[in-house]
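Enquirer: I need the structure of the sequence given here:
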Amino acid sequence: IGSRVVVTMDHTAKDGTPKIMKECSLPLTGHNVVNRIITDMCVFDVDLEGGTGLTLVEIAPGITVDDVKNATACDFKVVPEPVPLMDDVIDDD
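Expert: Numbers count the residues shown, from 1 in each chain. Got it, this is the predicted structure:
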């Protein structure tokens, strides 16, 4: 099946500007290699072969699809409603 590349990152910069863009403005270390992007707001799957871009597959509790759209500088598809919630992996103990 091969390897998968998963990127974990903040969805926006400290000033609130989007970090997920239509095109990268920085030098690339690889082109078309990321399969999934996990941020503090949501999870995107990346379509490397079909060229359809990003698909929103999970969303953080308390975040709406509109919140994600407003914080993302590119278009994306959304899985059918309701969008599943991201698993809560924070241990409060």
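Enquirer: can you map out the helices along this structure?
Expert: 65-70 (DSSP state H).
Enquirer: shaky segments in it?
Expert: Applying pLDDT under 70 to the chain flags residues 1, 88-93.
Enquirer: can you give me the strands for it?
Expert: Along the chain, counting by DSSP state E, strands occupy 6-9, 36-39, 42-47, 53-59, 77-78.
Enquirer: let me have these in CSV, extended by distance to residue 85 and mean neighbour count.
Expert: Every C-beta, even on glycine, is put in place using the N, C-alpha and C of the backbone. Shown next, in CSV, are the strands of the chain (distance: least, C-beta to C-beta, whole Å; neighbours: other C-beta atoms under 10 Å):
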stretch, distance to residue 85, mean neighbour count
strand 6-9, 17, 12
strand 36-39, 13, 18
strand 42-47, 10, 20
strand 53-59, 6, 17
strand 77-78, 14, 14
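Enquirer: so can I have CSV of these showing distance to residue 71?
Expert: Output for these, formatted as CSV (distance: least, C-beta to C-beta, whole Å):
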stretch, distance to residue 71
strand 6-9, 12
strand 36-39, 9
strand 42-47, 9
strand 53-59, 12
strand 77-78, 14
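Enquirer: which one of these lies closest to residue 27?
Expert: Among those, strand 6-9 comes nearest to residue 27, with 16.0 Å by C-beta to C-beta.
Enquirer: just the C-alpha atoms of the closest one, please, in PDB.
Expert: The C-alpha trace of strand 6-9 is given here as PDB (Å, rounded to 0.1, in the frame of the first residue of the first chain):
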ATOM      1  CA  VAL A   6       0.500  13.300   7.500                       C
ATOM      2  CA  VAL A   7       1.100  16.900   8.300                       C
ATOM      3  CA  THR A   8       0.100  18.300  11.700                       C
ATOM      4  CA  MET A   9       0.000  22.100  12.100                       C
END
